[in-house]
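> 3D model of this:
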Amino acid sequence: MYTSDENNDMKSVLIYCSVTLFIAIFGAVYELFSHNVYSYFMIYAFAVPLILGVLPTLIFMNFKKYRPGQLSTIPWNCGVAALTIGSLFQGVLDIYGTTNKLIIIYPILGITLLAVGIGSYFKKNPAES
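Numbering: from 1, shown residues only. As a prediction, this is how the structure comes out:
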């Protein structure tokens, strides 16, 4: 029998796996119609939710004592989304053969949100002291 936390973990794994599969299929179809122009950002965009989403959730499922709370998982998930979307957008720009100066926002925002998630995970709650 699963507890509520285990159900949430399984749901997170299934969502991240679904997103990973969707991004991989999307990238493959996009590359198929790109007239033999390829972008590594598009090809490997699926790796972002796989490495930063599925793997950490599976690891924390095995260490129930160290499971992160919502205060750290929400910015982490937003950071993963920002990096994934940024990778896809950079891939589209590469395939079209153009650039955009504002593309730098995605990695900055994504890494900042990941850092906020990590920081809030390690921040000690004053009530626990």
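
> does residue 61 sit in a helix, a strand or a coil?
Under DSSP: H, G, I helix; E, B strand; the rest coil, residue 61 falls in the helix class.

> Could you tell me how many residues sit around it?
Applying other CB atoms under 10 Å, we find 16 residues neighbouring residue 61. The C-beta positions use only the backbone N, C-alpha and C, and glycine is treated the same way.

> which element is residue 107 on?
For residue 107, the element it lies in under DSSP states H and E is helix 105-122.

> How far off centre is that helix?
Between the mean C-alpha location of helix 105-122 and the chain-wide mean there is a distance of 11 Å, by CA atoms, centre = their mean, to the nearest Å.

> Who are the contact partners of residue 66?
Residues near residue 66 by CB atoms under 8 Å, 6 or more residues apart in numbering: residue 60.

> Please report how far it lies from residue 39.
37 Å (CB to CB, to the nearest Å).
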